[in-house]
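K.L.:
here is my input, please return the structure:
(chains A and B)
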Amino acid sequence: MIAARGLALLLCALPCTTACRETSEAKAAQLREVEATRKQELARRIALADANPTRRAPLAMWIMPPELKEISGLALKPDGRVLTHGDEVGIISEVDPKSGFILKRFVLDGEPHGDFEGITIAGTDVYLLESNGKLFKFREGADGAHVPFTEYDTRLGKECEFESVAFEPDSSRLLMACKRVATKSLKDQLVIYRVQLPISNSARPTMLAVPMDVVVGANLWKHFHPSDMAIDPTTGNYVLIASEEKALAVITPDGTVVRSEPLPAHHNQAEGVAVTKDSILIVSDEATQKPAAITLYRWRP
Amino acid sequence: MPVLKSLIDIVTMGSEKPMRRLLGYYGILAIVVLLAAYLWPGALRRIAFKGVAGVSEGPTVLTDALNAIPTAAIGFGPGGLGDVAITTILILLGTVALMLPVTWVYMSARPIPGHNQQIAQTLVILPVVVAGIVYIIQNSLALAFSLAGVMAAVRFRTTLRDTRDVVYIFLSIVVGFAAGVQSLAVGALISLFFNLVILITWRYDYGRNVLTPTASSQWAGPLHTLASPTGELEIPDRDLILSLTPEKADALADRFGRVRDALGKKKKKPRYDSVLSITTYHVPEVQNHVDKVLDKMAKRWTLDEIVSNTGRPSEIYYLIRLKKSVPRDDLLTAIHQGSDGMIDTVNLETGEPVEDKPGVKA
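P.N.:
Predicted coordinates for the structure are as follows:
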């Protein structure tokens, strides 16, 4: 009798529960609606910026959640989204800069701690850079995944403090710009190391050195300390930003300075940069007096 | 609770075995959780796994700093009032659901019968409070320091009778922590494993000194003697034997001895045939009143014992032989009527002495 009552209760409950189910479709529809609205607004602002090329107003600015308050590098994906990371833990987030969504997060196996400063994508591999020149290679993971990684030591840590890494597809090299150079003879140079992929212990990284006074140009800065760099997909030039000087410089692969100028707007601590194929400059800012954010500008090579 | 009991009865097919009933409860809980996971997957992720696998939260809508519309107004994303309320309620309900079986085990699986009701209630309440505290503090160092300051101001100390009670308190704190960091899945596993270990160690009397006799072997002999003057009768209820502490058995033996003395010698008509027991906070007044009633209604009577208690009513025992013309209920009514509400309970136990039948065991 008891069992029969239990069975009857279960049978009655089943249709009710099926009817009440919270579907993910409803949430996805809401997300799509917000995404469409935001992309529409971004298109309007881009049109406004194109109509007035001297105007350097941001196209969008997205406030980062607390776990990304120390947001550092940015790596542009082929689909226009960016991978980013915090400063201390190997947790990678994928952000859609045009809609302002964090789409997923994944973590390196064992959640390694370090002073992570830059990230870049080379084909199917992702490289995360530590300030001491160590590189963590891994594949992009699914949402919530723990991904295995391989650690490489470029042995450049004694020569340089790094904050930036970028992948140059034409030469299949990783570019690592020095923030602070330890070698005295290179003190007045902007030094960019080039590490050939695949990484091997036998191949010594090559170096591009650009005189600092050329980089600074007519600006009032005394130095230029790169906090991140990216490759302009249109021209192949190197785009570097400096958090301390709140500056931006564009250099050709052979070391010619195209231009150097202040960042488009006031950035307290610009730690990451990316340039999209459709000419949008993305700058990430670590939280200081203001919350951490990524800001979009119209990019004019 | 009757509904829950019925459900457990259904799952365990009416079994009274503690292990089966415990597993039955967890089975029901698992079904409820699976149902919740099916209906509200987002809510379950927020309370069960967030603290463990905090990297996955699905899409998050970032606040647009150039637009006046705040993210919260969009209706989803962390921090909404509704979300916080639902998460809090689920955390607290989950905590209670996980601690209920722990309290059952605490009350049941004890080598020494009797438990502390305060601890049983604390085991349910404490983790709820701990979960609330941890949920509020989360990653805030400032709040954590504030809590430490408050706790330093509110000092509380208590001495627990049984060292095992401390373990239960620790477990309640652990479950509270797990709930507070939104990792109830971990709390559930800890609760289940803890209960199973406690039940198994209790069932097999784990850790008993081999030189120490078991409770049943220790008291079987004395209780045989206690059961009948000849020592030939057995008490069939094994649970009764196991439930007696040495102190309780001594007290019982003493009581039986005095009653036997009062009833008189064997094969002689007993002087008294009933025991009147009264509980009250006003012993002198009640005793005076009852003496007068017994003078009128009892053939003979004597005051057997007064047990004075603190914090609960004292007990007065009389041995009496009622007049044949006085029914039992009339005596109880008369005692109640004149007491002005000073009597808490009154009870009259009547009986005839047991006649031993050779060759027959009671």
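K.L.:
contacts for stretch A:240-247?
P.N.:
With CB atoms under 8 Å, 6 or more residues apart in numbering or on different chains as the test, stretch A:240-247 has contacts from A:164, A:177, A:190, A:219, A:221, A:223-229, A:248-251, A:260-263, A:266-267, A:269-271, A:273, A:283. Yep, even glycine has a C-beta here, placed from its N, CA and C like the rest.
K.L.:
repeat that for stretch A:139-148.
P.N.:
With CB under 8 Å, 6+ apart as the test, stretch A:139-148 has contacts from A:83, A:92, A:94, A:103-110, A:121, A:124-126, A:138, B:53, B:55-56, B:58.
K.L.:
can you list the domains in chain B?
P.N.:
In terms of domains, chain B is parsed into B:2-53+B:75-203, B:228-350 (source: automatic domain parsing).
K.L.:
buried deepest among these, which one?
P.N.:
Highest mean neighbour count among the domains of chain B (mean count of other CB atoms under 10 Å in any protein chain shown): domain B:2-53+B:75-203, with a mean of 16.
K.L.:
one step back: now the domains of chain B as CSV including mean pLDDT and distance to residue A:143?
P.N.:
As requested, the domains of chain B are exported to CSV (pLDDT from 0 to 100; distance: least, CB to CB, whole Å):
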stretch, mean pLDDT, distance to residue A:143
domain B:2-53+B:75-203, 78, 11
domain B:228-350, 79, 56
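K.L.:
can you list the ones you listed in JSON lines and add distance to chain A?
P.N.:
Below are these laid out as JSON lines (distance: least, CB to the nearest CB, whole Å):
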{"stretch": "domain B:2-53+B:75-203", "distance to chain A": "4"}
{"stretch": "domain B:228-350", "distance to chain A": "25"}
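K.L.:
quick one: contacts for residue A:32?
P.N.:
Applying CB under 8 Å, 6+ apart, no residues contact residue A:32.
K.L.:
hmm, I typed the wrong one, I wanted residue A:46.
P.N.:
Shown in contact with residue A:46 (CB under 8 Å, 6+ apart): A:59, A:280, A:298.
K.L.:
neighbours of the last one, just the number please.
P.N.:
So the one you mean is residue A:298. By other CB atoms under 10 Å in any protein chain shown, the residues close to residue A:298 number 21.
K.L.:
next one: the second one
P.N.:
Neighbour count of residue A:280, defined by other CB under 10 Å: 21.
K.L.:
ranges for the helices of the chain?
P.N.:
Using chain A here. A:2-20, A:24-51, A:212-216 (DSSP state H).
K.L.:
actually, chain B is the one I wanted.
P.N.:
B:2-12, B:18-39, B:41-48, B:81-108, B:117-137, B:141-153, B:163-180, B:184-203, B:215-227, B:238-243, B:246-263, B:283-297, B:328-337.
K.L.:
quick check: residues of the stretch 151-300 of chain A near chain B?
P.N.:
Within the stretch 151-300 of chain A, the residues that sit near chain B (CB under 8 Å from any CB of the partner chain) are residue A:293.
K.L.:
which residue does the stretch 151-300 of chain A have closest to chain B?
P.N.:
Nearest residue of the stretch 151-300 of chain A to chain B: residue A:293, at 6.2 Å (CB to the nearest CB).
K.L.:
give me the number of residues near that residue?
P.N.:
The number of residues packed near residue A:293 is 23, by other CB under 10 Å.
K.L.:
kindly report the same for residue B:60.
P.N.:
Residue B:60 has 21 neighbours, counted by other CB under 10 Å.
K.L.:
report the closest residue of chain A relative to chain B.
P.N.:
Chain B sits closest to residue A:144 of chain A, with a gap of 2.6 Å, by CB to the nearest CB.
K.L.:
for that residue, give me phi and psi.
P.N.:
The phi/psi pair for residue A:144 (degrees, to the nearest 10) reads phi 80, psi 0.
K.L.:
just grab the bridge partners of the nearest residue to residue A:124 once chain neighbours are set aside for me.
P.N.:
In this structure, residue A:124 finds its nearest non-sequential neighbour in residue A:139, 6.2 Å apart by CB to CB, 6 or more residues apart in numbering or on different chains. With DSSP bridges as the criterion, residue A:139 is bridged to residue A:125.
K.L.:
residue A:139 - how many residues pack around it?
P.N.:
Neighbour count of residue A:139, defined by other CB under 10 Å: 12.
K.L.:
so where is chain A shaky, pLDDT-wise?
P.N.:
Residues of chain A that meet the criterion pLDDT under 70 lie in A:1-27.
K.L.:
quick check, central residue of it?
P.N.:
The centre of chain A sits closest to residue A:74, judged by CA atoms, centre = their mean, with a distance of 0.6 Å.
K.L.:
residue contacts, that one?
P.N.:
Neighbouring residues of residue A:74 by CB under 8 Å, 6+ apart: A:82, A:83, A:84, A:119, A:228, A:230, A:272, A:273, A:274, A:282, A:284, A:294.
K.L.:
which residues touch the fourth one?
P.N.:
It refers to residue A:119. With contact taken as CB under 8 Å, 6+ apart, residue A:119 is in contact with A:72-75, A:83-85, A:92, A:126-129, A:165.
K.L.:
before we move on, what about the last one?
P.N.:
Under the criterion of CB under 8 Å, 6+ apart, the neighbours of residue A:294 are A:61-62, A:64, A:71, A:74, A:82, A:84, A:95, A:97, A:272, A:282-285.
K.L.:
what's the nearest residue to it if we skip its chain neighbours?
P.N.:
Distance criterion CB to CB, 6+ apart; nearest residue to residue A:294, sequence neighbours excluded, is residue A:284 at 4.6 Å.
K.L.:
same check on the first one?
P.N.:
Once flanking residues are discounted, residue A:82 sits nearest to residue A:74: 4.9 Å by CB to CB, 6+ apart.
K.L.:
who's that neighbour bridged to?
P.N.:
Beta bridges link residue A:74 to residue A:84 when assigned by DSSP bridges.
K.L.:
I'd say residue B:300 and residue B:270 touch.
P.N.:
No: using CB atoms under 8 Å, residue B:300 makes no contact with residue B:270, being 10.8 Å away.
K.L.:
touching both of these two, which residues are there?
P.N.:
With CB under 8 Å, 6+ apart, residue B:300 and residue B:270 have common neighbours residue B:321.
K.L.:
about what we covered before: just the buried residues of the contacts of stretch A:240-247.
P.N.:
Buried subset of the contacts of stretch A:240-247 (neighbour count, 16 or more other CB atoms under 10 Å in any protein chain shown): A:164, A:177, A:190, A:221, A:223-229, A:248-251, A:260, A:263, A:267, A:269-271, A:273, A:283.
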